[in-house]
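> no sequence on hand, only this structure:
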């Protein structure tokens with residue numbers, strides 16, 4: 001990772017793979033907007049029906065940003081703000097509908113984890129007696145209508161009883177508006193209606209390009225700096241990422257013959273091995289106690305595409321302090337960057353079996369101007385988990401209008417593409433960011449399959 005950017009919050013990550021050749025990072029954080037009421041003005045054209053539609057296998061959707069000036073990959077459209085609106089329901093009804101809004105069209109997927117909370121005071125409504133607990137996920141994709149409703153089953157209610165619905169944390173991919181709403185039973189006030197709108201279903205990954213490269217043991221080659229037909233075992237700026245606070249040195253046995261092999265083939269695939277070095281190594285005036293591992297495609301022509309798909313099948317490490325990633329960098333220099341998968345194992349909240357980080361970085365001349373992405377708790381959002389337990393597929397589809405991310409074939413994130421006309425090369429690595437023992441669990445990422453498909 002030529003610079004693994006900093007985590008902005010526990011639910012929004014800057015990408016483990018940010019190019020930083022020096023000791024400082026240019027990380028931008030998002031401001032949060034809070035509001036006192038649940039009223040949000042929604043354009044009437046955004047509402048049509050309450051159903052979802054089957055997914056197309058191409059990335060094209062209704063693109064509200066077709067005319068946006070991305071300034072050659074240096075500017076992103078503003079984030080939408082997500083709100084939960086106050087709601088009313090009739091005593092005797094079976095369902096309370098709680099509105100969830102975006103204040104504008106979103107250039108990227110927005111995910112909100114929402115749960116119910118018991119009311120307060122003498123007219124409080126409680127779970128199990130007056131309503132059934134709801135703990136759910138609301139997803140807005142680019143091109144979707146701007147309003148949805150969370151449905152809360154009602155058991156019984158008397159006039160004036162109330163409970164709340166709240167965000168479990170800041171929404172992923174959006175700014176935060178009103179985060180808690182009151183839901184009140186009112187006999188003489190019109191009940192909040194169910195939102196209408198046609199929402200796109202998650203896409204299913206399907207390679208639409210021509211197979212350009214496949215990782216195979218018989219043809220796999222690597223060297224320190226790589227070449228037209230082989231991977232590099234270093235980064236373009238060297239072996240260290242001090243700007244990210246990484247404590248691991250990217251090593252190889254050609255240069256450091258006494259270490260454990262950082263890249264090797266096992267009977268399960270190609271292993272990227274991170275380690276505690278038996279003998280510390282000094283590099284550019286810094287002493288390193290940990291070894292990291294990388295394969296970098298900056299000079300490997302077969303690994304580079306402009307549009308098309310990258311698909312990895314891998315088993316992730318679960319060692320605290322490890323930082324595995326699959327990512328892409330522009331062949332013309334960093335940024336741009338696309339992070340297909342990141343595992344922030346140095347963060348205390350991180351769960352290797354349930355969390356996935358997916359991010360883009362924009363900027364120019366080795367300076368990041370902005371970033372956009374999410375850390376997804378995929379078990380609740382998509383029913384996907386177990387990334388350190390077994391092999392899973394991580395893919396990205398880069399098209400002219402949108403970039404779409406997939407896990408196990410299911411779309412997990414989408415962003416408008418600000419990088420039109422760029423070409424990318426891939427990197428896969430396990431960084432180390434710890435000063436501890438670094439000996440719990442596995443520090444290895446094993447790649448069973450890696451394919452690249454190019455598109456016109």
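Sure thing, it's come through. Owing to the predicted nature of the structure, the values given are computational and were not obtained by experimental measurement. Residues are numbered from 1 along each chain as shown.
> ok, the nearest residue in space to residue 407 that is not next to it in sequence - how many residues close by?
Closest residue to residue 407 apart from its sequence neighbours, by CB to CB, 6 or more residues apart in numbering: residue 384 at 5.3 Å. The C-beta positions use only the backbone N, C-alpha and C, and glycine is treated the same way. Using other CB atoms under 10 Å, residue 384 has 20 other residues around it.
> next one: residue 436
With other CB under 10 Å as criterion, residue 436 counts 12.
> so it makes contact with residue 320?
Yes. The pair residue 436 / residue 320 is scored as a contact, 7.3 Å apart, by CB atoms under 8 Å.
> shaky segments in this protein?
Applying pLDDT under 70 to the chain picks out residues 1-62.
> pop the domain breakdown of it in here.
81-185, 210-454 (the TED database).
> name the element the residue nearest to residue 407 belongs to?
Using DSSP states H and E, residue 384 sits in no helix or strand.
> my guess is it meets residue 411, correct?
No. Assessed by CB under 8 Å, residue 384 is found out of contact with residue 411, at 11.2 Å.
> show me whatever sits in contact with both of residue 436 and residue 320.
Here residue 436 and residue 320 have no joint contacts, going by CB atoms under 8 Å, 6 or more residues apart in numbering.
> wait, residue 263 touches residue 291, no?
No. Counting by CB under 8 Å, residue 291 is not a contact partner of residue 263; they are 11.0 Å apart.
> please say which of the two ends up with more neighbours.
The neighbour comparison of residue 263 against residue 291 (other CB under 10 Å) goes to residue 291, with 25 against 19.
> quick one, what contacts the more buried one?
Here residue 291 is in contact with 248-251, 259-260, 262, 273-277, 281, 432 (CB under 8 Å, 6+ apart).
> what about it, distance to residue 262?
Residue 291 sits 6 Å away from residue 262, going by CB to CB, to the nearest Å.
> quick check: neighbours shared by the two?
Common neighbours of residue 291 and residue 262, counting by CB under 8 Å, 6+ apart, are 250, 251, 273, 274, 275.
> counting only strands, which of those residues make the cut?
Of these, the ones assigned to strands by DSSP state E are 250, 273, 275.
> now the buried members of these.
250, 273, 275 (16 or more other CB atoms under 10 Å).
> between the residues you listed, which sits nearest residue 447?
Of all those, the one with the least separation from residue 447 (CB to CB) is residue 273, at 11.9 Å.
> ok, now which ones touch the closest one?
260, 261, 262, 263, 264, 291, 293, 430, 443, 444.
> ok, of the residues you listed, which come out buried?
262, 263, 291, 293, 430, 443, 444.
> sorry, back to before: of the buried ones among the ones in strands among the shared contacts of residue 291 and residue 262, closest to residue 314?
Nearest to residue 314 among these, with distances taken as CB to CB, is residue 273, at 13.4 Å.
> for that closest one, give its distance to residue 292.
Counting by CB to CB, the gap from residue 273 to residue 292 is 9 Å.
> mind listing the strands for the stretch 101-250 of the chain?
For the stretch 101-250 of the chain, the strands defined by DSSP state E, counting those that start in this stretch occupy 110-117, 135-140, 147-153, 162-167, 175-176, 180-185, 199-200, 210-214, 222-223, 231-232, 248-250.
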